[in-house]
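Trainee: Generate coordinates for the sequence data below:
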Amino acid sequence: MPSRLALVRRPGPRLAEGLVTHLDRQPVDPALALHQWEAYVRVLRDHGWRTVEVAPADDCPDAVFVEDTMVVFRNVALLARSGADSRRPELPAAREAAAALGCSLNAVRAPARSTAATSSRSGTPCTSAAAAAPTPRAYANCAPSSSRWAPGWSRCRTGGCCT
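Mentor: Numbering: from 1, shown residues only. I've put the predicted structure just below:
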């Protein structure tokens, strides 16, 4: 039976300062935002979901969007690495919540700063298109290279490597 557990985090006092990338900034009513969040949590619970409240991150305007910090499948949590530096402090409390639930924690690493793609295991140049042009699509082809996961490296199913 699939897990029906949701991590949630209350909107913080700086919600109105959150990142806006594709819309014009609009005023945020903190009382309304809290009311909407409470209704969201109530709907989850009414539909059989157990909610676990993640510790506040009041210095982080976008912290209410706790679902951006990780993807969980069964007992494995893949911790995201936000592209926005301002959002990275949201992760520690979410990581702690996942650990407290007994999840195995795995993290997305920062992209390599090298100009040439190399195998992070052997240091040799990669020829796969996925490694040469790292994009979200390229990473979708990555799979652990053995039945035991080894942190820090993987190989693409296409025979190349991903960094």
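Trainee: doesn't Arg74 make contact with Ser3?
Mentor: Yes: contact between Ser3 and Arg74 holds when scored by Cβ atoms under 8 Å: they sit 7.3 Å apart. Every C-beta, even on glycine, is put in place using the N, C-alpha and C of the backbone.
Trainee: Looking at the two, which is more packed in?
Mentor: A count of neighbours by other Cβ atoms under 10 Å puts Ser3 above the other of Ser3 and Arg74, at 12 against 9.
Trainee: now the more buried one: how far from Asp46?
Mentor: 17 Å (Cβ to Cβ, to the nearest Å).
Trainee: what does Glu53 give?
Mentor: On the measure of Cβ to Cβ, Glu53 and Asp46 end up 17 Å apart.
Trainee: Break down the protein into its helices, ranges please.
Mentor: Along the chain, counting by DSSP state H, helices occupy 30-46, 91-100, 129-132, 136-140.
Trainee: Least confident of those, on average?
Mentor: Sorting these by mean pLDDT places helix 136-140 lowest, at a mean of 37.
Trainee: Next, count neighbours for Trp49.
Mentor: 14.
Trainee: Please state the backbone phi and psi of it?
Mentor: phi -90, psi 140 (degrees, to the nearest 10).
Trainee: Please name the bridge partners of Val72.
Mentor: Ala77 (DSSP bridges).
Trainee: pretty sure it is touching Gly102, no?
Mentor: No: assessed by Cβ under 8 Å, Val72 is found out of contact with Gly102, at 11.2 Å.
Trainee: So between these two, which is more surrounded?
Mentor: Val72 (18 against 8).
Trainee: need the strands for the protein, in chain order.
Mentor: 5-8, 50-53, 70-73, 76-79, 104-107, 142-143, 154-156, 161-162 (DSSP state E).
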